[in-house]
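Novice: Return atomic coordinates for the entry below.
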Amino acid sequence: MESIKIYVACLASYNAGKLHGTWIDLSGLDGEDTQEMIQKQVIKTSPQWDAEEWAIHDFESPVKLGEWEDLEDLCILSEALEDHGEAFAAYVQIETPQDMGKAVSQFTERYCGHWESFEQYVTESHHGDLVASQIPSYLLCHFDWESYARDLEQSYLVHAGHVFYNN
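Specialist: Sure thing, here's the model as predicted:
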């Protein structure tokens, strides 16, 4: 998955009825680098003499962003999306983490994989457990996986086929 791109606008220009801003690709950047780019490319080049504030007015991201996102968190989010793709996007959409750095480590601990359905996940991941518990195979064919999946679903988070342990 590609990195996040944000369109940062100068608010002094915006309030004066002028559009002035730039797109920034967050790939490989940290919060400090991003802040420096905003100062150089948006604030210092603004047609308004009193330019000092900015806001995110558009974005290219699988995760919804606001105007006032923390730049360090955005850069961490962008890197995690590059590394983990749509699975991390799904995680962020269901968890809405406050600390993006912590969210990345929680994601790696909690992610179970992508499945067509939760029932398929339960069937494929728990079948071996039941065999190991020495339930004879002739009885396993009578096991109600659908009901078992419904019982387990409270212990998991599922979004767009991605399954996560719910701690």
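
Novice: contacts, neighbours, all on C-alpha from now
Specialist: Will do.

Novice: Number of residues surrounding Tyr138?
Specialist: 8 (other Cα atoms under 10 Å).

Novice: can you pull the pLDDT of it?
Specialist: pLDDT, the model's per-residue confidence, is 77 for Tyr138.

Novice: Okay, and it sits in which element?
Specialist: helix 137-140 (DSSP states H and E).

Novice: Any stretches of the protein with poor pLDDT?
Specialist: 128-133 (pLDDT under 70).

Novice: per-domain residue ranges of it.
Specialist: For the chain, automatic domain parsing gives the domain ranges 5-84, 115-165.

Novice: Out of the ones you listed, which is closest to Ala103?
Specialist: domain 5-84 (9.1 Å; Cα to Cα).

Novice: sorry, back to before: need the CA coordinates for the helix holding Tyr138. CSV is fine.
Specialist: The C-alpha atoms that make up helix 137-140 are tabulated as CSV, following Å, rounded to 0.1, in the frame of the first residue of the first chain:
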residue,chain,number,x,y,z
SER,A,137,-12.4,-37.5,13.3
TYR,A,138,-15.7,-39.3,12.9
LEU,A,139,-17.1,-37.0,15.5
LEU,A,140,-15.5,-33.8,14.2
